[in-house]
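Peer 1: The following comprises the amino acid sequence and a computationally predicted model.
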Amino acid sequence: MAEISYMYQKQRREFGRPVEFQNNDPEPLFEFLPNQQLKDEYIAMDPYEREIENVPSLSEYGTNTAKIETRPKGQTHVEGGWPAAIDYTDLDDKTKYRKKVEREDSYYQTCKDLMERHVEKYLKQNNAIDIFEEYFVDPTIDLASGPPSAKTVTVFQDPSEVKRTVAKLSWLPDAKKIAIAYCNMKFQDGADGQSTKSHVWDVTNPNCPEMDLLPASPLCCLQYSPKDSHIIAGGSYNGVVQLWDTRKVGTPDLKTQHPDSKGMQVQFEKSVIDDSHKDPVWDLKWLQSKSGEFLTVSTDGQAFIWDVRNLAKPIEAETVVLKPSDKVNDGGPKGVLGGICIDYDAQVGGPSKYMVGTEQGTVLLCNRKGKTPQDKISHCYHGHHGPVYAVQRNPHCSKGFMSVGDWTVRIWTAEDAQLKTPMFTTYYHKAYLTNGTWHPVRPGVFLTTRMDGVLDVWDLLYRQTAPVLSVQISEFSLNTLQCTAEGRHVAVGGVDGNTVLLELSQGIHTIQYDEKNTIEQMFVREASRDRALLQRAKERKSKGRKKSAVQQGRDKDTLDDVDLEGLTNEFISAVRDREEKDNNVQKELEEKRKHLMKLIDEGQEVPNED
């Protein structure tokens, strides 16, 4: 008898696939029938009452305990694996080291050995189990699926008795602490004995500040160093800049001089007042450098660059006077312009370029590499009817930047000599706008604050005519705002001294599918449209000039070619000939009339003449 066999072929990885569940109709497994014998033995009791109490007896006690103030302390974890000579916070150093290693001969041999040793093993594993199979795919967040919202997480109140305006905010990179600068912005309105302290707050403890920053004059701006999170730079109302190291806590005599301090006093260094700004330092930004440099602007019309190694005076060669040349200004405000805000992002605009918003409504694009003072200001953008309180490049689209001033927000095309007008402008709000910022994660979202205490959230991907969310934060004017790096939270400060921490809804802080490309295409399309309109206007103007010149040339050529004197003589001669001819005809008619009258008087027959 012949043996019958069948070969069953199947891929190895199909044996390890997960279980698949399917919907089936209900199927009875076992059936319990009623027992008549038990039913006959059942005796119904009516009525039947019984009390059951199973709750244990408890007693309540209360006591008052003393309040315990906690002060959390943490440990800083840094990036490891680099040689001691390499600064892991400097991108240039890491890039140079990578290139150096890649040029070595042993680099390729090491990569080849790793491939031969491990790649074959993982390929065999992939034949058994599909490691690229996605079991759970995250759904795309749709803004239309739920209304945008923002909820209050906590409020940081100014601990001073006289409440001061929140001038500036700066987040620690891990968003666990926030530095807040407090300053009375009204000119000559400082009360006697008013506190000049600013504070560093722990997000989890809004009751008491963690550290106190005590300058000689109130701070108008401050910012954490991106290279060292323990360093804070600040600019004061009297024009002096300070530098704090949070690892250096103040000595006991500082605590004795200021016994009302609730946090730790931090020692600081400051510049010499004679070599500092002459007006308040309104904004400050750290620059990309190896030594540690930061930029400050003031309404005295100067932009200073400071080196942390010598904070006594600014770098003289890097000082920029905010006075654009007539060639660049193009009909804007004349003279020295007062700086109010700065934008600097080495990853977006380049390490040598920064933007300054002025109190005259002009935005200046400056370049540190300019050889002459005129070359250091390369572009001017005019359009606002009042001071520019915020200017910032889009973190994801380098060619677009935003400016906030008067009652509008305007989005411009950067570094384009042809386009001098904004490509997008919001409607004129009823209240004055005081600040604004791009969302750090979503390219099409920006936030603005208003003088009536409202925070507006705009989403260009969803709607361009109105904000998608407006939140009433306070009854007082809002002054500043700052988002965390992940974009989920935003801190908003007002003139009443309160800083409100808000949590944005998922539809606002989660990036949408292909949002970056969509916003970039929107900016490119609007810029192309503006260029086309500008070119068309130039062509019309040029065509009108050419037509006018041709007409003038034609008239001129006609007058030059014709002999006016000859024409005049011919005209006069023709007129005279005509007059002489008319006179002769008139004489002949007069002679005939006299002859006819003579015939009539003599009674003779008048001849009929045709």
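Peer 2: Thanks, I have it.
Peer 1: looking at it, Val281 is touching Asp300, isn't it?
Peer 2: No: Val281 is not in contact with Asp300 according to Cβ atoms under 8 Å; the separation is 9.6 Å. Bear in mind the C-beta positions are built from the backbone N, C-alpha and C, glycine included.
Peer 1: shared neighbours of those two, anything?
Peer 2: Jointly contacting Val281 and Asp300 under the rule Cβ atoms under 8 Å, 6 or more residues apart in numbering are Gly239.
Peer 1: Am I right that Ile572 sits in a strand?
Peer 2: No: using DSSP: H, G, I helix; E, B strand; the rest coil, the assignment for Ile572 is helix, not a strand.
Peer 1: What count of nearby residues applies to Asp279?
Peer 2: 17 (other Cβ atoms under 10 Å).
Peer 1: who has more neighbours, Val281 and Asp300?
Peer 2: More crowded of Val281 and Asp300, by other Cβ under 10 Å: Val281, with 29 against 19.
Peer 1: what sits against that one?
Peer 2: Contacts of Val281 (Cβ under 8 Å, 6+ apart): Cys220, Cys221, Gly235, Ser236, Tyr237, Gly239, Val240, Val241, Thr296, Val297, Ser298.
Peer 1: Just the mean pLDDT for the longest helix along the chain, thanks.
Peer 2: Secondary structure of the chain per DSSP state H: the longest helix is helix 515-561. Mean pLDDT, computed over helix 515-561, is 78.
Peer 1: Report all helices and strands that it contacts.
Peer 2: strand 408-413 (3 or more Cβ pairs under 8 Å, 6 or more residues apart in numbering; DSSP states H and E).
Peer 1: quick one, the strand it packs on and helix 515-561 angle?
Peer 2: Note on geometry: by axes from the mean of the first three to the mean of the last three Cα atoms, to 10 degrees, strand 408-413 and helix 515-561 are set 80 degrees apart in direction.
Peer 1: residues in contact with strand 408-413?
Peer 2: 363, 381, 383-384, 399-403, 419, 422-429, 433, 436, 446, 448, 458, 523, 526-527, 530.
Peer 1: Provide the strand pairings for it, with the direction of each partner.
Peer 2: Strand 408-413 sits in its sheet next to strand 400-405 (antiparallel), strand 424-425 (antiparallel), going by DSSP bridges.
Peer 1: what pLDDT, on average, does the first one get?
Peer 2: Rounded to a whole number, the mean pLDDT of strand 400-405 is 93.
Peer 1: For that strand, what is the distance to the chain centroid?
Peer 2: 7 Å (Cα atoms, centre = their mean, to the nearest Å).
Peer 1: Need the CA coordinates for it. PDB is fine.
Peer 2: The C-alpha trace of strand 400-405 is given here as PDB (Å, rounded to 0.1, in the frame of the first residue of the first chain):
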ATOM      1  CA  GLY A 400       8.300  84.200   8.500                       C
ATOM      2  CA  PHE A 401       8.300  86.300  11.700                       C
ATOM      3  CA  MET A 402       5.600  87.900  13.800                       C
ATOM      4  CA  SER A 403       5.400  91.300  15.300                       C
ATOM      5  CA  VAL A 404       2.900  92.500  18.000                       C
ATOM      6  CA  GLY A 405       2.000  96.100  18.400                       C
END
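Peer 1: what does it rub up against?
Peer 2: With Cβ under 8 Å, 6+ apart, strand 400-405 has contacts from 343, 355, 357, 361, 363, 381, 383-394, 409-414, 423, 433-436, 438, 446, 448, 523.
Peer 1: Separate out the buried members of those residues.
Peer 2: Among those, those classed as buried by 16 or more other Cβ atoms under 10 Å are 343, 355, 357, 361, 363, 381, 383-384, 387-394, 409-414, 423, 433-436, 438, 446, 448, 523.
Peer 1: In strands, which of those appear?
Peer 2: 343, 355, 357, 363, 381, 388-393, 409-413, 433-436, 438, 446, 448 (DSSP state E).
Peer 1: Could you pull out the helices in the stretch 51-200 of the chain for me?
Peer 2: Using DSSP state H, counting those that start in this stretch, the helices found in the stretch 51-200 of the chain span residues 91-103, 105-114, 120-128.
Peer 1: The longest one vs helix 105-114, what angle?
Peer 2: By that I understand helix 91-103. Relative orientation of helix 91-103 versus helix 105-114 (the same axes, to 10 degrees): 70 degrees.
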